[in-house]
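> what shape does this take:
(chains A and B)
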There are 2 protein chains.
Amino acid sequence: MIQKVFTNEFFLTASEVNAQREMPLSRLVTTLIDTATCHANLIGIGFDRMIREGISWVLSRLTIDMPEVPTVNRTYRLSTWVESTSRLFSERDFEMTDAESGRVIMRAHSTWMAVNMTTRRPGDLTPIWEGLDIVTDRCFEGEKGGKLMPVTNPEREHSYRFAVSDIDVNRHVTTRRYIDLITDMWTLDHYEAMRPSRFEVAFKHEAHYDEEAHVVSAPHEGSPEISDVAIEVNSTPCCLARIRFETR
Amino acid sequence: MIQKVFTNEFFLTASEVNAQREMPLSRLVTTLIDTATCHANLIGIGFDRMIREGISWVLSRLTIDMPEVPTVNRTYRLSTWVESTSRLFSERDFEMTDAESGRVIMRAHSTWMAVNMTTRRPGDLTPIWEGLDIVTDRCFEGEKGGKLMPVTNPEREHSYRFAVSDIDVNRHVTTRRYIDLITDMWTLDHYEAMRPSRFEVAFKHEAHYDEEAHVVSAPHEGSPEISDVAIEVNSTPCCLARIRFETR
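Take a look at the predicted model:
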């Protein structure tokens, strides 16, 4: 019997939180990815199964809504399930509750595609789904994101050269480094007054060791509480993001 | 009955390793610190006990010897115990074995002191040890480090400004960022050919948000396989390190 909804419980320790005693976005995103990986392995669509078709999972799009931010010394319950499967994409949802109160504090929607390990081109997922009944009828109660656009009139810019500590097992820049580069566009003072309440990110191109990243940001037209951010390498966007802050 | 030797088991996943499919030094160090914290809490010398005396633990000195490097998809067993206690210092040792083979792959020795939370001056540990029997007679089989010196004739230099993602719950720069700054002084090519086999670090001063770090390194006199590294802020060393590489 396949476990269609997988739930992971974790305790947020002091060494994992930021100056605001909260879970940083980069750690939230890597926790979502790790939990998805765990579930994928469990239901037979993990790395071992994918590699037999010469393909591998790539996170393409992620939208996070945070009614509350996970804070230090509390236990959280993170659930994930597959919402849809198709030839080129799979949608996966997440929901995080505060274990004590049961309140939903985060909802996330993600879109994954497969990449051919040899050609690095999009891979065909059809053989992966064959004979598997993994899609739930559990609804996603959050708001899926729209298309993210490049930043045309940057208000702020920052340059960064990717170092050894930014490189993962596939020799690409880690998701953690991307997210930290995005959230580092604001000051510590800003985070004292504001907190991220919604975060959208699209991964467009892989960046590599020793490449120079150019991070640009600008307020979203007509919505000053929302900002658009892009990470570019040689003028090619590697990562597009949109972040909404709300007053604490 | 106090658990004098505390053992933690962990599985090293793909998302935790570097391009060489190995545990990065920064992750090894944070794992040692987290395991020490866990054990300290367990035996009644953790944060809750310390804060009643107005003091807090600070890692002052750490020496790591690695006969082997932890690699992806393996289970490791990390043990830690208190070697000595005194008014101003406590020594704590670590040993990591490969869970399958039982081989010792890492030994570490650490020196901790207490800092007064108000004055930031060294704190008196005497009341902490009262009535506690926590020191083991288990020997440390590694080689404790010597005094680390500033880098006088830097061969290489790198500048870095601390960002929001580098700041911890105490508003200081994270240990992870220090260690990554040190290991990032070498290229990806270097790590393809060489691996760190010994690492020594001394934490001298706390660095803060938006401070500009100056990282300098030079080969150790008379020992080209050893390098000295220093992280300085406004010409004050925050962190001194020594790293030995061996050919793979």
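
> heading C-terminal from the lowest-mean-pLDDT helix or strand in chain A, find the next helix or strand.
The weakest-scoring helix or strand in chain A, judged by mean pLDDT, DSSP states H and E, is helix A:47-51 (a mean of 94). Next helix or strand after helix A:47-51 toward the C-terminus (DSSP states H and E): strand A:55-65.

> near chain B, which residues of chain A?
Neighbours of chain B within chain A, by Cβ under 8 Å from any Cβ of the partner chain: A:13-15, A:17-19, A:21, A:24, A:26, A:30, A:33-34, A:37, A:47, A:72, A:163-165, A:167-169, A:171, A:180, A:183-184, A:186-188, A:191, A:209-210. (Glycine included, C-beta is placed from N, CA and C.)

> of these, grab the buried ones for ChimeraX.
With 16 or more other Cβ atoms under 10 Å in any protein chain shown as the criterion, this ChimeraX line picks the buried residues out of those:
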select /A:17,18,19,24,26,30,33,34,37,72,163,164,165,167,168,169,180,183,184,186,188,191,209
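
> inside helices: which ones of the residues of chain A next to chain B?
Under the assignment DSSP state H, the residues of chain A next to chain B contribute A:26, A:30, A:33, A:34, A:37, A:47, A:180, A:183, A:188, A:191 to helices.

> mind checking pLDDT for the fourth one?
At residue A:34 the predicted local confidence, pLDDT, stands at 95.

> circling back to that earlier point, and the least confident helix or strand of chain A, what's buried?
Within helix A:47-51, judged by 16+ other Cβ under 10 Å, the buried ones are A:49, A:50.

> quick one: end-to-end length of stretch A:117-135, please.
25 Å (Cα to Cα, to the nearest Å).

> shaky segments in chain A?
Nowhere does chain A drop to pLDDT under 70.

> can you pull out the strands in it?
Counting by DSSP state E, chain A has strands at residues A:5-11, A:55-65, A:75-85, A:89-98, A:104-116, A:156-161, A:194-203, A:212-220, A:223-233, A:236-247.

> what is the second one packed up against?
Meaning strand A:55-65. Counting by 3 or more Cβ pairs under 8 Å, 6 or more residues apart in numbering or on different chains; DSSP states H and E, the packing neighbours recorded for strand A:55-65 are helix A:25-42, helix A:47-51, strand A:104-116, strand A:194-203.

> got the CA coordinates for the longest one in CSV?
Below are the C-alpha coordinates for helix A:25-42, written out as CSV (Å, rounded to 0.1, in the frame of the first residue of the first chain):
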residue,chain,number,x,y,z
LEU,A,25,13.8,30.7,3.7
SER,A,26,16.8,28.8,2.4
ARG,A,27,16.4,26.1,5.1
LEU,A,28,12.7,25.9,4.6
VAL,A,29,13.3,25.3,0.8
THR,A,30,16.0,22.6,1.4
THR,A,31,13.7,21.0,4.0
LEU,A,32,10.9,20.8,1.4
ILE,A,33,13.3,19.3,-1.2
ASP,A,34,14.7,16.8,1.3
THR,A,35,11.1,15.7,2.4
ALA,A,36,10.0,15.4,-1.3
THR,A,37,13.1,13.3,-2.0
CYS,A,38,12.3,11.1,1.0
HIS,A,39,8.7,10.6,-0.2
ALA,A,40,9.8,10.0,-3.8
ASN,A,41,12.2,7.2,-2.7
LEU,A,42,9.4,5.7,-0.6
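
> tilt between it and strand A:236-247?
For helix A:25-42 against strand A:236-247, the angle by axes from the mean of the first three to the mean of the last three Cα atoms, to 10 degrees is 110 degrees.

> quick one, helix A:25-42 and strand A:5-11 angle?
Between helix A:25-42 and strand A:5-11, the angle comes out at 140 degrees (the same axes, to 10 degrees).

> what does helix A:25-42 contact?
A:3, A:6, A:8, A:10, A:16, A:23, A:46-48, A:57, A:59, A:62, A:64, A:70, A:78, A:80-81, A:92, A:94, A:106, A:108, A:110, A:112, A:175-176, A:179-180, A:182-183, A:196, A:199, A:201, B:13, B:15, B:165 (Cβ atoms under 8 Å, 6 or more residues apart in numbering or on different chains).

> quick one, which of the residues you listed are buried?
Buried members of the contacts of helix A:25-42, scored by 16+ other Cβ under 10 Å, are A:6, A:10, A:16, A:23, A:46, A:57, A:59, A:62, A:64, A:70, A:78, A:80-81, A:92, A:94, A:106, A:108, A:110, A:112, A:175-176, A:179-180, A:182-183, A:196, A:199, A:201, B:165.

> enumerate every residue touching the nearest residue to residue A:126 once chain neighbours are set aside.
Distances taken as Cβ to Cβ, 6 or more residues apart in numbering or on different chains place residue A:87 nearest to residue A:126, at 5.4 Å, with adjacent residues excluded. Each residue near residue A:87 by Cβ under 8 Å, 6+ apart is listed here: A:124, A:125, A:126.
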